[in-house]
Every structure is written in structure tokens, then in C-alpha cells.
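K.L.:
coords please:
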Amino acid sequence: MKNKGRFLGNLLSKKNRKQIEVNVDLIEYLEDDIFFVFSPALDLIGYGKTHSEARQSWETVLEEYVSYTMNKNTLVKDLESRGWSVKGNRVESPSLTWMLKNNADLSNVYNKYDFSKRRHPVSLPISA
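P.N.:
Coordinates of the predicted model:
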């Protein structure tokens, strides 16, 4: 693999596109009658009047994030700035310990709200 697993390429080009699937934790909580879905590893948040709306909002935010960073060719750099390790074919999200130390929003949610956590698979585009 020429690109050594990096997320490079054009999202719109289906010819050479492959996907790397990673799992991210989603933190779901309620604040002032608004449901939130927060992915601290990606620092993305969605919200809505229901759990379903919040999850759909998060999916939209994720799509916009990937599209924007792919178009700017900054996805790997942005992931690394968020504590991700991208080395060769290996991609790892940051540890909870690292995120609690470096992500004030996660620390706030963790210390202030009752929440549920679930693992969610995310496919990120790469080129062959």
C-alpha cells in the first residue's frame, strides 16, 4: 500500500477509495431537555430533541468533518492534533486518560452529567 494507511484521497472518487474502520466512543447525555451525542476522540458533537435526532445530527457532523478535512488534505494532521496515532497501516484513537487530560469538554461532561457510552464504528476514507 503506497500511502501506508494514511487517510488520503478524494472522497468523491470511488475508483481508488478504500475505508479504514475505527471504533470511537460516543458519549450520550441530556442537558436542559436537549440530547447530545459527543465523540471526544473526534471532538464532534450532535444534538437534538430526541436521542434519534442527536445521533442523526452527529452523523451529519461527522460527514461534514471528513469531507472538509479530506478536501483540505488535513485529515491525518487533524486526527494527530486530537491525540490519534497514525503510523503505517495502524490507526489508534487516543486513550480516555489522554482525552480527559486534553479535552476540557469531555472533562466537563464526565464530571457534570450522567451519561451513557457506547462504541461506534466509523469508516474513514483512504486511497489505494
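
K.L.:
can you list the low-confidence ranges for the protein?
P.N.:
Across the chain, the ranges flagged by pLDDT under 70 are 1-18, 88-89, 126-128.

K.L.:
quick one, helices of the chain?
P.N.:
Using DSSP state H, the helices found in the chain span residues 51-71, 75-81, 96-102, 104-112.

K.L.:
find the centremost residue of this protein, please.
P.N.:
The chain has residue 42 as the residue nearest its centroid, 3.3 Å off, counting by C-alpha atoms, centre = their mean.

K.L.:
so that residue makes contact with residue 81?
P.N.:
No - look at residue 42 against residue 81 with C-beta atoms under 8 Å: they stay out of range, at 11.4 Å. C-beta coordinates here come from the backbone N, C-alpha and C atoms, glycine included.

K.L.:
redo the helices of the chain as a markdown table? Include mean neighbour count.
P.N.:
Conversion of the helices of the chain to a markdown table gives the following (neighbours: other C-beta atoms under 10 Å):
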| stretch | mean neighbour count |
| --- | --- |
| helix 51-71 | 16 |
| helix 75-81 | 17 |
| helix 96-102 | 14 |
| helix 104-112 | 13 |
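
K.L.:
contacts only, for residue 109.
P.N.:
When contacts are counted by C-beta atoms under 8 Å, 6 or more residues apart in numbering, residue 109 is found next to 27, 29, 38, 115.

K.L.:
among the residues you listed, who's most crowded?
P.N.:
residue 38 (24 neighbours; other C-beta atoms under 10 Å).

K.L.:
gap between it and residue 81?
P.N.:
18 Å (C-beta to C-beta, to the nearest Å).

K.L.:
cool, and residue 24?
P.N.:
Separation of residue 24 from residue 81 (C-beta to C-beta): 16 Å.

K.L.:
now residue 27
P.N.:
20 Å.

K.L.:
kindly report the same for residue 45.
P.N.:
17 Å.
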